[in-house]
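S.K.: Quick one: sequence plus predicted model below, questions after.
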Amino acid sequence: MKTSLLAYAGTFFTLLVCDGIWLGLIARNFYRDQLGALMLPSPKLAVGALVLPVLHRRDGCACRAAGAVGGLYRHGVSPRCHSGSGGLCTCDITNLATLCNWPLAISLVDMARSTALTALTAVGGYLAVRFFAETGAWR
């Protein structure tokens, strides 16, 4: 149980840091430039705060399994890349196919970002479990 909680906390912390860097520094104006009037004046952070922990629960579980068998890439990172890009790819391709003037750039950037983000969160969860297991701080 402790291992699962540590993996979950590691993935969620990694998600928050990476998303904060992406949305706050790297792509600050990208979405506004691409989507224009579709953007809200300010984001609804409460929605993200409620949904993100549920969505990233699967990554924490995968990291625990990866740590147990010692195969981080094969059991942790690679499957998370596929599930992360697959889930967002479906949404982005649907937007591209059904919405008037949906920018292709948004779909391509979001799919690449989701692949990288889910890989990083899997690694973050794995490293959290490994670090605390080695130090014995959570026993």
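M.R.: Arrived safely.
S.K.: quick one: the helices in this structure?
M.R.: Taking DSSP state H as the criterion, the chain carries its helices at 2-21, 30-35, 45-55, 57-69, 78-98, 104-135.
S.K.: Of the ones you listed, which stretch is the most buried?
M.R.: Neighbour counts (mean count of other Cβ atoms under 10 Å) averaged over each of those peak at helix 57-69, with a mean of 21. From N, CA and C alone the C-beta is placed, and that goes for glycine too.
S.K.: among the helices of the chain, which gets the worst mean confidence?
M.R.: Lowest mean pLDDT within those: helix 57-69, a mean of 49.
S.K.: burial of Pro103, as a residue count?
M.R.: Pro103 is flanked by 17 other residues according to other Cβ atoms under 10 Å.
S.K.: And it, its phi and psi?
M.R.: Main-chain dihedrals, Pro103, degrees, to the nearest 10: phi -70, psi 130.
S.K.: Going forward, count from 35.
M.R.: Will do, 35 is the new start, and the previous item becomes Pro137.
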